[in-house]
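> Using only what follows, build the 3D model:
(one chain, ligands or ions: 2)
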Amino acid sequence: MRRCMTSNNKIVALIVAAGQGNRAGGDTPKQFRLIAGKAVLAHAYDALAVHGGFDAIHIVLGDGQEGIARAILGERAASFVTGADSRRGSVRAGLEAIAAQGGADAVLIHDAARPFVPGAVIDRLLAALDGGTGAIPTLPVADTLIRDASGTMGDGVDRGGLHRVQTPQAFRFDAIMAAHRAWDIAREATDDAQILKGWGHDVILVQGDERLEKLTYPQDFARADAQLATPRSTRVGMGYDVHRLAPDEELWLGGVLVPHDRGLAGHSDADVALHAIVDAMLGALAEGDIGSHFPPSDPQWRGASSDRFLAYARDRVTARNGRIEHIDLTIICEAPKIGPHRDAMRARIAAILAVPVDRVSVKATTTERLGFAGRREGIAAQAVATLSLPALS
Ligand SMILES: Nc1ccn([C@@H]2O[C@H](COP(=O)(O)OP(=O)(O)OP(=O)(O)O)[C@@H](O)[C@H]2O)c(=O)n1
Ligand SMILES: C[C@](O)(CO)[C@H](O)COP(=O)(O)O
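Ligands and ions are numbered 1, 2, ... in the order given. Alright, predicted model coming up:
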């Protein structure tokens, strides 16, 4: 994740999803159709959210579509705006809504119809805003271009210097807001960079990505499905955690309350086993560690059930269109005996992760009475998480 300008800048994302998707056909507007079981709009949202560089995500919808969007997005945080008859009008409505909420330093405007957004493209766009007003991802044109002369071949078009323009497009907020307000609405503009350029600003070109292709026609959905299906890359992460044993504490281990004369002490419920799994999963995603997502200094996590942290890690995997292949957990303690609780722990972990129980292994070992675990001062746990992610991650 990269933030542009200074780290204090407010950067927001605006997803336009108010189109009818006429060219894509079907009964449902394309942004609400499913790719690999997840709505196109949710894919686009997750791609921006996973990047982590945005203070807010605004979504422009057709009139009366808030209910369907809320059902698709579940608890994902977003504010909704009603769009207009044209893409330009929908973007304008979104920008006005952001302005009404105090504006922003930069805005990234994205088509919901482009569900896969490599983080590297966002990084390039935000980096370009360090010295620029607007930046867009483009790809060169590779095919020969001709004009259609009523079904026969007309004149060729020189493709030298031609680029295909994609979204997301990044802008200094005040500039793109002013450019939209000044635009002659009798003319349509197919993207926002044209509008910024029309207002007199240069637009920087950064390298686009084939994975950003827009869903426009019916056949594009099969391509998108295939993009998620193969190839997948296997990611392995490891996690390790230790907590101190103390009197007057409950002993939560592997999501299960284990009867014991002492329990683990910590800021949350101190479930060392779940913490190790969370770190293993975040490690496989290369998304930091449990402390960076749930700082111990934050009072809201005091006494929190570690189920929440594990569910959060599961949701990060889902947001990346990943799959949890296997969890292997080892609990290191002299007492209590883990064997009698092993099946309950496997079942609880599998339930939180929404995976079959045979993908969760729970093991235990002592340290032959050596070290802090051997002296029964604390319990340690280590975990290995194996995930598979689509190659576009
Ligand atoms: N009035 C409109 C038209 C388009 N869009 C959005 O702009 C993006 C790119 O537009 P396009 O692919 O043309 O979508 P549609 O207008 O829905 O498609 P079609 O032209 O085939 O009807 C899409 O995410 C679409 O939802 C929008 O917010 N408001
Ligand atoms: C904004 C855009 O996606 C950039 O390529 C494109 O211009 C949208 O065009 P459409 O005609 O609305 O599909």
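> Around ligand 2, which positions in this structure sit nearby?
When proximity is defined as CB under 6 Å from any ligand atom, the chain approaches ligand 2 at 87, 111, 165-167, 190-191, 214, 216. The C-beta positions use only the backbone N, C-alpha and C, and glycine is treated the same way.
> Give me the residues contacting the helix or strand encompassing I195.
If you go by DSSP states H and E, I195 is part of helix 192-198. Among residues not part of helix 192-198, those counted as contacts by CB atoms under 8 Å, 6 or more residues apart in numbering are 88, 91, 109, 133-134, 136, 165, 169, 171, 175-176, 179-180, 182-183, 189, 203.
> which residues touch L14?
By CB under 8 Å, 6+ apart, the residues touching L14 are 57-60, 91, 94-95, 98, 107-110.
> Format the residues you listed as CSV; extra columns: pLDDT, neighbour count and secondary structure.
Output for these, formatted as CSV (pLDDT from 0 to 100; neighbours: other CB atoms under 10 Å; DSSP: H, G, I helix; E, B strand; the rest coil):
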residue, pLDDT, neighbour count, secondary structure
I57, 98, 20, strand
H58, 98, 23, strand
I59, 98, 27, strand
V60, 98, 27, strand
V91, 98, 26, helix
G94, 98, 30, helix
L95, 98, 28, helix
I98, 98, 21, helix
V107, 98, 30, strand
L108, 98, 27, strand
I109, 98, 26, strand
H110, 98, 26, strand
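> Return the closest of those residues with respect to ligand 1.
Nearest to ligand 1 out of the contacts of L14 is V60 (CB to the nearest ligand atom; 5.1 Å).
> ok now do that closest one, which residues does it touch?
V60 makes contacts with 14-18, 80-83, 90-91, 93-94, as judged by CB under 8 Å, 6+ apart.
> correct me, but V236 touches A383?
No: in this structure, V236 is not within contact of A383 by CB atoms under 8 Å, at 11.0 Å.
> Those two: which is more packed in?
The residue with more neighbours, out of V236 and A383, is A383; 27 against 13, by other CB atoms under 10 Å.
> Let's verify the more buried one: helix, strand, or coil?
Secondary structure, DSSP: H, G, I helix; E, B strand; the rest coil: A383 is strand.
> Provide a list of residues in contact with it.
For A383, the contact set (CB under 8 Å, 6+ apart) comprises 238-240, 273, 276-277, 279-280, 327-330.
> check contacts around H275.
Counting by CB under 8 Å, 6+ apart, H275 touches 239, 241, 243, 290, 306, 309, 381.
> L264 sits in which helix or strand?
Here L264 is assigned to strand 263-265, by DSSP H and E.
> Revised request: answer the last question for T318.
helix 307-319.
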